[in-house]
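Novice: This is a predicted model, with the sequence first.
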Amino acid sequence: MLSLPLALLVALPALCASEPVHIPLIRRHGGRAKTTADHLRNAEFVRMRYGYSSGSPASSLTNTSSTSKRLDRRASAQSLNIVNQNGDSSYFGSVSIGTPPQAFHVILDTGSSDLWVVDTNCVTCDPTSPAFNSQNSSSFQVLDSTATTISYGSGQVQGFVAQDDVTMGNFTMSAQGFLTAEVTSRGLLQGSVSGLMGLAFAAIASTKTRPFWQNLISSNQLEAPEMSFWLSRFLGTTKEEQPGGSFILGGTNTSLYSGTLEFQSLISNIPGPASFWLLGLSGKPFRIVLTAATPLIMTMTGITVQGQAIKVATGANALSAIDTGTTLIGGPTTDVAAVWAAVPGAVKSVQNLGYYEYPCSTSVSISMAFGGQLWPIDPADMNLGPGSKKGMCVGSIFDLTAGSAISPGPGTPTWVVGDTFLKNVYTVFRSSPAAVGFAQLSAAAGGGSGTPGAGPAGTGSSSSGSTSNTGMHTVQSRSLSLSLMVFGVVVYLL
């Protein structure tokens, strides 16, 4: 991954904070069922994203000669709808860039930190994706004429780091840093999507610019230093785009969740500044429950599989990234094998490296606890569809480190918790005090199929406290540390 030093962003006067802004999300569907090749790419993309590439070929930059030559040269909080793309595989919202503003759909990704959109000079981009025309913006400025590359699990983009006015909802940042992409890996974007907005921290930004959301906080435009997500579920549909849920800048929407928000502080003993939204696995073991009864969520106290608890790696080498830009859940080899060993008939997939297959007739329900309650995952989200053998289905928890000889370094996640889990909870990302919070979805948001249960005995309560909210905006105050604690997973077979 290449990065360039940039000029400092133009300082802005502090603004007065106002109400949260609601940004609609949209989901886009590819119009076909996922294939074995799709599953392989999904896993490899996530491995590359977090530094565990197995060396399998992934989408790389396609750089034509013509492209190569070009590259050598306080206001408010708002809730915005988002779009659900490719059968719950990605979610995007709308931004405007430039003067006058040019509108684009961008994937909202808490697993990266750069903002980028395709440029009109891009010859490798999907021709149906709207492109940014810098010549039509009077406020556009190139910060560095040297090409910068941003690498993702699903490919790469390359272009110039620039700055311009960027607007999302009612929020505008002047001189916001971003990348105008002139080369992209083929297939990186589809349809109306033109780029990506990273919602992690500035430390991992390839452009060396501060993310849009952090600039909003520093310029006092958000009522609260937080953003929240409700992600919709549209499995099995053939429609390319569906309503994707809601992204709220500067607060929460209490109509989308019930009960209390359970916050956990981010771990503070990781070297360097904050990077990803990280969770650290605690010393409590994963425990699996097999039952033919109703899907009650049970505590993990004294519950085992055939008398044996399933232990997982812990400590600084077992961090988990909470990532809206990842579709599935990836984990370390031993722990993922232990989870699927509790499912009768589950076997390693022959065709999909790192995946497991299980009898399609089995309904697998997994619940994850983050320091307090158990949060159930809908069995539909655990099923990726037909496997390599008749009657077998591919599971949504895969081996993140399969085929890789790379050991995790300090601060490197070994678990990646994506939309398979996040569709089942209301999620709040808070920068100060740094924490992530979860709550049960309300009936209006599609909740009610599963009820959170008590967490494992002895784990204690949320380190940031649980609160009941009465308005659009909620402020929590506790720890300044940088990572959550995942205390366990419970699996039910129905």
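Specialist: Everything's here; your move.
Novice: So Asn215 is in contact with Phe178, correct?
Specialist: No - the pair Asn215 / Phe178 is not scored as a contact, 11.2 Å apart, by Cβ atoms under 8 Å. C-beta here means a position set from N, CA and C on the backbone, and glycine is covered the same way.
Novice: So for those two, which residue has more residues nearby?
Specialist: Neighbour count, other Cβ atoms under 10 Å: between Asn215 and Phe178, Phe178 has more, with 28 against 21.
Novice: give me phi/psi at Asp335?
Specialist: Backbone torsions of Asp335, given as degrees, to the nearest 10, read phi -70, psi -40.
Novice: how about the helices of this structure, start to end?
Specialist: Along the chain, counting by DSSP state H, helices occupy 36-49, 65-71, 212-218, 333-341, 419-422.
Novice: Pick out the shakiest of those helices, pLDDT-wise.
Specialist: Mean pLDDT values for those show the minimum at helix 65-71, a mean of 40.
Novice: confidence score at Ser112?
Specialist: On the pLDDT scale, Ser112 gets 87.
Novice: give the contact list for it.
Specialist: By Cβ atoms under 8 Å, 6 or more residues apart in numbering, the residues touching Ser112 are 49, 150, 152, 196, 198-200, 204, 325.
Novice: Among those, name the ones in strands.
Specialist: Within the contacts of Ser112, residues falling in strands by DSSP state E are 150, 152, 196, 198.
Novice: tell me the least confident of the residues you listed?
Specialist: On pLDDT alone, Tyr152 ranks lowest of these, at 72.
Novice: Pairing partners for that one in the sheet, please.
Specialist: With DSSP bridges applied, Tyr152 shows beta-bridge pairing to Gly155.
Novice: Tell me how many other residues crowd it.
Specialist: Using other Cβ under 10 Å, Tyr152 has 23 neighbouring residues.
Novice: Then Gly391?
Specialist: Per other Cβ under 10 Å, the neighbour tally for Gly391 reads 12.
Novice: out of everything not next to it in sequence, what's closest to it?
Specialist: Cys360 (5.7 Å; Cβ to Cβ, 6 or more residues apart in numbering).
Novice: Kindly tell me how buried that neighbour is, as a neighbour count.
Specialist: Residue neighbour count, defined by other Cβ under 10 Å, stands at 16 for Cys360.
Novice: wait, which of the contacts of Ser112 is closest to Ser265?
Specialist: Nearest to Ser265 among those: Ala200, at 16.8 Å, using Cβ to Cβ.
Novice: Pull the number of nearby residues for the closest one.
Specialist: For Ala200, using other Cβ under 10 Å, the count is 26.
Novice: Likewise for the one 3 residues further on?
Specialist: The local packing of Ala203 (other Cβ under 10 Å) involves 13 other residues.
Novice: Distance of it relative to Phe276?
Specialist: Applying Cβ to Cβ, to the nearest Å, the value for Ala203 to Phe276 is 9 Å.
Novice: go on, Asn215?
Specialist: Applying Cβ to Cβ, the value for Asn215 to Phe276 is 19 Å.
Novice: Val161 now?
Specialist: Taking Cβ to Cβ as the measure, Val161 falls 22 Å from Phe276.
Novice: cool, Gly354 as well?
Specialist: From Gly354 to Phe276 the distance is 21 Å (Cβ to Cβ).
Novice: same thing with Pro379?
Specialist: Relative to Phe276, Pro379 is positioned 28 Å away (Cβ to Cβ).
Novice: With neighbour numbers in mind, choose between those two.
Specialist: Ranked by neighbour count (other Cβ under 10 Å), Pro379 and Phe276 place Phe276 first, with 27 against 18.
Novice: Now do the contacts for that one.
Specialist: By Cβ under 8 Å, 6+ apart, the contact set of Phe276 is 110-111, 200-201, 204, 321-323, 413.
Novice: 10 Å - rerun?
Specialist: By Cβ atoms under 10 Å, 6 or more residues apart in numbering, Phe276 lies in contact with 50, 110-113, 200-201, 203-204, 266, 270, 319-323, 411-413, 416, 482-483.
Novice: Okay, strands next: where are they in the stretch 251-400 of the chain?
Specialist: With DSSP state E, counting those that start in this stretch, the ranges of strands along the stretch 251-400 of the chain come out as 257-265, 278-281, 319-322, 329-331, 347-348, 356-359, 364-369, 374-376, 383-386, 392-395, 397-399.
Novice: and stretch 133-140, which residues are buried?
Specialist: By 16 or more other Cβ atoms under 10 Å, the buried positions in stretch 133-140 come out as 134, 137, 140.
Novice: pretty sure Leu196 is in contact with Ser206, am I right?
Specialist: No - in this structure, Leu196 is not within contact of Ser206 by Cβ atoms under 10 Å, at 11.6 Å.
Novice: if I look at these two, which residues touch both of them?
Specialist: Shared contacts of Leu196 and Ser206 (Cβ under 10 Å, 6+ apart): 112, 114, 116, 150, 152, 157, 179.
Novice: Narrow those to those in strands?
Specialist: Of those, the ones assigned to strands by DSSP E are 116, 150, 152, 157, 179.
Novice: Serialize these to TSV and add fields for distance to Asn424.
Specialist: Converted to TSV, these look like this (distance: Cβ to Cβ, whole Å):
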residue	distance to Asn424
Trp116	30
Ile150	30
Tyr152	25
Val157	31
Leu179	33
